[in-house]
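Peer 1: Take this sequence and fold it.
(chains A and B, ligands or ions: 1)
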Number of protein chains: 2
Amino acid sequence: MGWGIVDHQGQRLALVACGCIETQPAGPVSERLARIYQELRALLAAHQPQEMAVEELFFHRNTTTAFHVGQARGVALLAAAHAGMPVAEYTPMQVKQAVVGYGKAEKRQVQEMVRVLLGLSERPRPDDTADALAVAITHAHASAYRDRVVRPGPAPGTGGEVR
Amino acid sequence: MGWGIVDHQGQRLALVACGCIETQPAGPVSERLARIYQELRALLAAHQPQEMAVEELFFHRNTTTAFHVGQARGVALLAAAHAGMPVAEYTPMQVKQAVVGYGKAEKRQVQEMVRVLLGLSERPRPDDTADALAVAITHAHASAYRDRVVRPGPAPGTGGEVR
Ligand SMILES: [Mg+2]
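Peer 2: Numbering: from 1, shown residues only, chains lettered A, B, ... in the order given. Reported below is the predicted structural model:
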């Protein structure tokens, strides 16, 4: 499960931390979910992001994948609720629109723009991490827009994202 | 989400408690998942079951349903992990085989046998609750078999089930 935390001052973005939670495929599912929950709670406690965003996922074929992704995502949403954080959801098209400016952008274009927007020398790896940062950037943009509309002038803020 | 807790002394079964956790469809998903988690933790604390069993679900068509059921189930498995409980999984066919003695039994037959095996005057309602008790009975039978093989003679035990 990829995750990324970004800081934003108005439109200016900075990478705070990112990574990917890996679990042992061999262990019991409940233990694997407990590990994801534990790591997320630790990340939230360490970085204290103000909000969380996740991608709204659509599955066209594989119900087994949908089921397993759903299990892990349920735990991520629970971690947010237990940390008292609101969670926003964005569709893949919204993420592409926000990051690349084009709702049908290619995956590679999104990852390249994540690199550029965060001023990194290389694309974040693995792909899940880059995807997570793209959702965080989307949420930061939405928040910056909200801030501009609601209270003009730059407002400090941090967006955490998990997918 | 239906749940049921049964007590078993060897093959003898007794209903301890059962019910169905309902959440407000209007609220944020993270809050709904937090409520499911909280209720399950409270049930586990109140009744102290020794083990949990869930149904292995298969989805043939609806990936959205699979995704949402997955989210709720992830939280249930996490509640078990946080309570230090092992979780067993049974396929629908295993449940039918254990409860009715026939892997392709109708849903109604399963619910009727749940009533008979637990000595109830009526079928548990709603259906999700009856389904949950069927899984608990399946797990109790499997445990009774295990107990007989490993250490002869009746052994006290409790099986909790959530689906
Ligand atoms: Mg049912």
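
Peer 1: Now do the SS call for the residue of chain A found nearest the ion.
Peer 2: Proximity to the ion, evaluated over chain A using Cβ to the ion, is greatest for A:Phe67 at 15.5 Å. No exception for glycine: its C-beta is placed from N, CA and C like everyone else's. Under DSSP: H, G, I helix; E, B strand; the rest coil, A:Phe67 falls in the helix class.

Peer 1: Check the burial of it by counting its neighbours.
Peer 2: The number of residues packed near A:Phe67 is 24, by other Cβ atoms under 10 Å in any protein chain shown.

Peer 1: Show the pLDDT at it.
Peer 2: Listed pLDDT for A:Phe67 reads 84.

Peer 1: In chain A, where is pLDDT below threshold?
Peer 2: Scanning chain A for pLDDT under 70 picks out A:59-61, A:147-163.

Peer 1: residue ranges of the strands in it, please?
Peer 2: For chain A, the strands defined by DSSP state E occupy A:2-9, A:12-20, A:51-55, A:87-90, A:156-162.

Peer 1: Output the contacting helices and strands for the second one.
Peer 2: Of the remaining helices and strands, those touching strand A:12-20 by 3 or more Cβ pairs under 8 Å, 6 or more residues apart in numbering or on different chains; DSSP states H and E are strand A:2-9, helix A:29-47, helix A:127-150.

Peer 1: Make JSON lines from these and add distance to the ion and mean neighbour count to it.
Peer 2: Compiled in JSON lines, the helices and strands packed on strand A:12-20 are given as follows (distance: least, Cβ to the ion, whole Å; neighbours: other Cβ atoms under 10 Å in any protein chain shown):
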{"stretch": "strand A:2-9", "distance to the ion": "33", "mean neighbour count": "23"}
{"stretch": "helix A:29-47", "distance to the ion": "20", "mean neighbour count": "18"}
{"stretch": "helix A:127-150", "distance to the ion": "33", "mean neighbour count": "21"}
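
Peer 1: Let me know which of the ones you listed is the nearest to chain B.
Peer 2: Nearest of these to chain B, taken as Cβ to the nearest Cβ: helix A:29-47 at 3.8 Å.

Peer 1: is that closest one anywhere near chain B?
Peer 2: Yes. Helix A:29-47 reaches chain B (Cβ under 8 Å from any Cβ of the partner chain) through A:Val29, A:Ser30, A:Glu31, A:Leu33, A:Ala34, A:Tyr37.

Peer 1: For that helix, name the packing helices and strands.
Peer 2: With contacts defined as 3+ Cβ pairs under 8 Å, 6+ apart, the packing partners of helix A:29-47 are strand A:2-9, strand A:12-20, helix A:63-82, strand A:156-162, helix B:63-82.

Peer 1: so which of the helices and strands packed on strand A:12-20 comes closest to B:Pro126?
Peer 2: For the helices and strands packed on strand A:12-20, the distance to B:Pro126 is smallest for helix A:29-47, at 25.6 Å, taking Cβ to Cβ.

Peer 1: what about the closest one, distance to the chain center?
Peer 2: In terms of Cα atoms, centre = their mean, to the nearest Å, the centre of helix A:29-47 is set 15 Å apart from its chain centre.

Peer 1: Check stretch A:52-72 too.
Peer 2: Chain-centre distance of stretch A:52-72: 14 Å, with Cα atoms, centre = their mean.

Peer 1: Is it in proximity to chain B?
Peer 2: Yes. Stretch A:52-72 reaches chain B (Cβ under 8 Å from any Cβ) through A:57-64, A:66-72.

Peer 1: And these, which of them are buried?
Peer 2: By neighbour count, with 16 or more other Cβ atoms under 10 Å in any protein chain shown, the residues of stretch A:52-72 next to chain B hold A:Leu57, A:Phe59, A:Thr63, A:Ala66, A:Phe67, A:His68, A:Val69, A:Gly70, A:Gln71, A:Ala72 as buried.

Peer 1: Could you find the closest non-adjacent residue to A:Ala45?
Peer 2: Here the nearest residue to A:Ala45 in space, its sequence neighbours aside, is A:Ala83; by Cβ to Cβ, 6 or more residues apart in numbering or on different chains that works out to 7.6 Å.
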